[in-house]
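J.: heads up, no residue letters with this:
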């Protein structure tokens, strides 16, 4: 398992998917994610890896990374990480921001919390 900032790469067993759409490299790099504030990107060499949006019978889309040659995961604000050959699931960390609760008060003074 490899983590770089908000990108987590988890090894998975090789398998076939019902549908898979390959993402094309941009300027020779596969972009796994862009940084939230800076616009910097988590990237890998486009000649060494392939990235797919894949789905199974449940139509849940998973990002699948196939590393054909050991290569580096790079980002301008993090140390590079060497990723060996294999098949990986790419998971993006998301910040949880809870919804504010709404309150209503009726004419009798009863308070109701609305989630």
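T.: Here it is on my side, so go on. Treat the numbers as computed from the prediction; the structure is a model and nothing was measured. Residues are numbered from 1 along each chain as shown.
J.: low pLDDT regions in the chain?
T.: 36, 95-96, 101-115 (pLDDT under 70).
J.: how about the helices in it?
T.: If DSSP state H is used as the criterion, the chain turns out to lack helices entirely.
J.: Bridge partners for the one residue sitting closest to the centre of it, pull those for me.
T.: Per Cα atoms, centre = their mean, the C-alpha nearest to the average position across the chain is that of residue 92, at 3.0 Å. Residue 92 forms beta bridges with residue 7, as assigned by DSSP bridges.
J.: With residue 30 instead?
T.: Each beta-bridge partner of residue 30 is listed here: residue 44, as defined by DSSP bridges.
J.: right, and it touches residue 51 too?
T.: Yes - Residue 30 lies in contact with residue 51 (Cβ atoms under 8 Å); the separation is 4.9 Å. C-beta here means a position set from N, CA and C on the backbone, and glycine is covered the same way.
J.: what's the overlap in contacts for the two?
T.: Residues within reach of residue 30 and of residue 51 at once, by Cβ atoms under 8 Å, 6 or more residues apart in numbering, are 23, 65.
J.: Report how many residues lie close to the closest residue in space to residue 53 that isn't next to it in sequence.
T.: What sits nearest to residue 53 in space, not counting adjacent residues and going by Cβ to Cβ, 6 or more residues apart in numbering, is residue 21, at 4.8 Å. Other residues within reach of residue 21, judged by other Cβ atoms under 10 Å, total 10.
J.: Report the contact partners of residue 21.
T.: 52-54.
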